[in-house]
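Undergrad: sharing a model that was predicted from the sequence below.
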Amino acid sequence: MSIFTHVTVGTNNLADARNFYDSVLGKLGHTRIADLGDNGSIWGEDAPSFFVLKPANGAPASVGNGVTVSFQAPDRATIDAFHAAALTAGGSDEGAPGPRGWAPNAYAAYARDLDGNKLAVYCFKPA
């Protein structure tokens, strides 16, 4: 059982964020399952799990220093596709796809979304 119901990141440009996450999360099998008008959108597989929202207090969205949202991938090819989609959609590279030595079979990639939120995607299966 997961310990989270969902994760939320902020955005200052919802239209661009929707396009970015439709592309990037689509590589992981997640789709946009709800739009909250001009306030945000929700992605998931079977249940809402990832939210992109304009901050409720009306202040600009900002990035949390040291915060990373990490997604699970079924295999290494999906990680490669996720990273490529992030860069194609205007995100920036924060760590190319490849092995990560901190755990057996760890393979990951890192990118930042259009608002600077740091994203990771991991798989722990052998090549």
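TA: Received it, and whenever you're ready, just let me know what you need.
Undergrad: which stretches of the protein form helices?
TA: Listed in chain order, the helices found in the chain under DSSP state H are 14-26, 76-88.
Undergrad: could I get those in TSV, plus columns for distance to Y110?
TA: Where you see a C-beta, it was placed from the backbone N, CA and C, and this is true even at glycine. As requested, the helices of the chain are arranged in TSV below (distance: least, CB to CB, whole Å):
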stretch	distance to Y110
helix 14-26	12
helix 76-88	8
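Undergrad: save those helices as TSV, and put in mean neighbour count, mean pLDDT and distance to L36 too.
TA: Listed next are the helices of the chain as TSV, based on neighbours: other CB atoms under 10 Å; pLDDT from 0 to 100; distance: least, CB to CB, whole Å:
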stretch	mean neighbour count	mean pLDDT	distance to L36
helix 14-26	19	98	9
helix 76-88	19	98	23
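Undergrad: out of those helices, which gets nearest to L114?
TA: With CB to CB as the measure, helix 14-26 is the member of the helices of the chain nearest L114 (5.2 Å).
Undergrad: so that closest one versus helix 76-88, what angle?
TA: On the basis of axes from the mean of the first three to the mean of the last three CA atoms, to 10 degrees, helix 14-26 is oriented at 160 degrees to helix 76-88.
Undergrad: distance from helix 14-26 to the middle of the chain?
TA: Computed by CA atoms, centre = their mean, to the nearest Å, the separation of helix 14-26 from the middle of its chain amounts to 9 Å.
Undergrad: could you export that helix as PDB, CA atoms only?
TA: C-alpha atoms of helix 14-26 as PDB (Å, rounded to 0.1, in the frame of the first residue of the first chain):
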ATOM      1  CA  LEU A  14      -1.300  26.000 -16.200                       C
ATOM      2  CA  ALA A  15      -1.800  25.600 -20.000                       C
ATOM      3  CA  ASP A  16       1.900  24.800 -20.500                       C
ATOM      4  CA  ALA A  17       2.000  22.600 -17.500                       C
ATOM      5  CA  ARG A  18      -0.900  20.600 -18.800                       C
ATOM      6  CA  ASN A  19       0.900  20.000 -22.100                       C
ATOM      7  CA  PHE A  20       4.100  19.100 -20.400                       C
ATOM      8  CA  TYR A  21       2.600  16.600 -18.000                       C
ATOM      9  CA  ASP A  22       0.200  15.100 -20.600                       C
ATOM     10  CA  SER A  23       3.400  14.200 -22.600                       C
ATOM     11  CA  VAL A  24       5.700  13.200 -19.800                       C
ATOM     12  CA  LEU A  25       3.300  11.300 -17.600                       C
ATOM     13  CA  GLY A  26       1.800   9.600 -20.600                       C
END
